[in-house]
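A.B. asks: All I have is the shape, not the residue letters:
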């Protein structure tokens, strides 16, 4: 059987891993074995991080909406309940943008939801 020499293939594979690990510190960026482990770990982190980012943004938007609603006399849960009753469909991101960037429009929305005395 003929011997297969795979030096260039192995070098390319190692180079690919080491380019992935650019920006890591110390041996994690220089030594192949350590870099390979770190690259695999970082790919796992990036997958779970994409899920976590969605969670964190949702929490942030809810905090912003709650703070703005409380300033005008409602809580977040009351606000969402009244929006659902009136069938006003605004997603959390847009509602939080309104609360931050256009305070007058958010206040008018709150006044629309407040019951008349």
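C.D. replies: Yes, it's here. Quick caveat: nothing in here was measured; it's all calculated off a predicted structure. Numbers count the residues shown, from 1 in each chain.
A.B. asks: only C-alpha atoms for contact and neighbour calcs from this point on.
C.D. replies: Noted.
A.B. asks: Could you list the low-pLDDT ranges of the protein?
C.D. replies: In the predicted model of the chain, residues 116-117 satisfy pLDDT under 70.
A.B. asks: List the buried residues in the lengthiest helix in it.
C.D. replies: Longest helix in the chain by number of residues (criterion: DSSP state H): helix 32-71. Burial within helix 32-71, assessed by neighbour count using 16 or more other Cα atoms under 10 Å, is assigned to 32, 35-36, 38-39, 61-62, 64-69.
A.B. asks: try stretch 11-22
C.D. replies: For stretch 11-22, burial by neighbour count (16+ other Cα under 10 Å) applies to 14, 17, 18, 20, 21.
A.B. asks: What sits closest to the fourth one if chain neighbours are left out?
C.D. replies: Counting by Cα to Cα, 6 or more residues apart in numbering, residue 20 lies nearest to residue 39, which is 6.7 Å off, once chain neighbours are set aside.
A.B. asks: Could you report the distance from the one you found to residue 26?
C.D. replies: 14 Å (Cα to Cα, to the nearest Å).
A.B. asks: With residue 8 instead?
C.D. replies: For residue 8 relative to residue 26 (Cα to Cα), the value is 25 Å.
A.B. asks: before we move on, what about residue 68?
C.D. replies: Distance from residue 68 to residue 26, by Cα to Cα: 46 Å.
A.B. asks: Appreciated, that's everything.
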